[in-house]
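*Asks:* Okay, predicted coordinates and the sequence, questions at the end:
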Amino acid sequence: MAEINLLPWREALRKKQQKDFAIQAGLVMALAAVLVFLAHMQIQARIEAQEARNAFLEQHIRKVDEEIKEIRELESTREKLLARMNVIQELQHNRPLSVHLMDQLVRTIPDGVYLDSFTQKGNELTMVGVAQSNARVSAYMRNIEASPWMADPRLEVIENKLVGRNRVAAFTLKAKLVNPGAGDAGDEDAEGGQ
């Protein structure tokens with residue numbers, strides 16, 4: 001005879017399948033939660049590492065900014081020192097000019113010309129004086145033009161005046177101071193020494 005199973009096996013199978021599905025779903029959810037937690041921990045660790053790098057970089061940027069500030073201060077000090085050195089070199093270079101200028105004043109003044117005052121502003125020379133005649137003022141201007149240390153004579157004012165019984169030409173003359181160079185200055189020194 002055939003055996004007939006009257007037990008509700010389909011229902012038991014369905015319950016077993018539901019139970020297995022619930023277990024599998026629970027395991028998948030737990031695995032997903034663990035994966036999400038691990039991913040969160042990994043991302044958090046990377047964020048903390050990047051924040052540490054940023055803090056390190058900011059600290060070094062502040063340090064480099066301070067060094068840049070010091071470098072700028074040093075460059076400013078260097079520029080000031082170079083400017084001072086240039087002024088000193090220029091003064092050292094122009095030191096013999098006054099000696100040569102006085103020497104050239106004596107050499108260029110012809111007989112019959114007398115200077116009342118002499119001023120120098122930069123390279124501009126102004127001579128105020130009297131001469132016995134206009135021709136002597138012209139001779140003085142030619143002598144200035146021939147001088148290696150003075151150039152470009154310009155007669156500003158000339159007036160004929162009567163001083164006592166003599167007629168004189170009062171004049172104001174401007175010229176430029178010229179530095180013929182270190183080589184020429186050495187030649188002038190050599191000529192002056194002979």
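*Replies:* Sure, I can see it. What you see is a predicted model, and the numbers here were worked out from it, not measured in a lab.
*Asks:* Can you tell me the centre-most residue of this structure?
*Replies:* Using Cα atoms, centre = their mean, the residue of the chain that lies closest to the mean C-alpha position is E79, 6.9 Å off.
*Asks:* What is the host helix or strand of that residue packed up against?
*Replies:* Assessed by DSSP states H and E, E79 sits inside helix 9-108. Packing partners of helix 9-108 (3 or more Cβ pairs under 8 Å, 6 or more residues apart in numbering; DSSP states H and E): strand 113-121, helix 134-146, strand 150-163, helix 182-193. Just so you know, the C-beta spots here come from the backbone N, C-alpha and C atoms, and that holds for glycine as well.
*Asks:* okay, these in a markdown table with mean pLDDT and mean neighbour count next?
*Replies:* A markdown table is the format used below for the helices and strands packed on helix 9-108 (pLDDT from 0 to 100; neighbours: other Cβ atoms under 10 Å):
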| stretch | mean pLDDT | mean neighbour count |
| --- | --- | --- |
| strand 113-121 | 88 | 12 |
| helix 134-146 | 89 | 17 |
| strand 150-163 | 85 | 13 |
| helix 182-193 | 43 | 11 |
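*Asks:* how about those, which one is nearest L35?
*Replies:* Closest approach to L35 among the helices and strands packed on helix 9-108 (Cβ to Cβ): helix 182-193, 86.3 Å.
*Asks:* For the closest residue in space to I109 that isn't next to it in sequence, give me its contacts.
*Replies:* With Cβ to Cβ, 6 or more residues apart in numbering as the criterion, I109 has its nearest non-adjacent residue at 6.4 Å, and that residue is Y140. Residues counted as contacts of Y140 (Cβ atoms under 8 Å, 6 or more residues apart in numbering) are T108, I109, P110, V113, A131, P153, L173.
*Asks:* partner residues bridging the nearest residue to the fourth one once chain neighbours are set aside?
*Replies:* What sits nearest to V113 in space, not counting adjacent residues and going by Cβ to Cβ, 6+ apart, is A131, at 4.5 Å. Beta-bridge pairing of A131, defined through DSSP bridges, involves V113, A169.
*Asks:* correct me, but A131 touches V137?
*Replies:* Yes: using Cβ atoms under 8 Å, A131 is in contact with V137, at 4.7 Å.
*Asks:* tell me, what's touching those two both at once?
*Replies:* Common neighbours of A131 and V137 (Cβ under 8 Å, 6+ apart) are V113, A169, F171.
*Asks:* closest to R10 among those?
*Replies:* Nearest to R10 among these: F171, at 140.9 Å, using Cβ to Cβ.
*Asks:* how close does the residue nearest to S133 when sequence neighbours are not counted sit to G129?
*Replies:* For S133, ignoring the flanking residues on the chain, the nearest one in space by Cβ to Cβ, 6+ apart is A169 at 6.2 Å. Between A169 and G129 the computed distance is 9 Å (Cβ to Cβ, to the nearest Å).
*Asks:* Perfect, that will be all.
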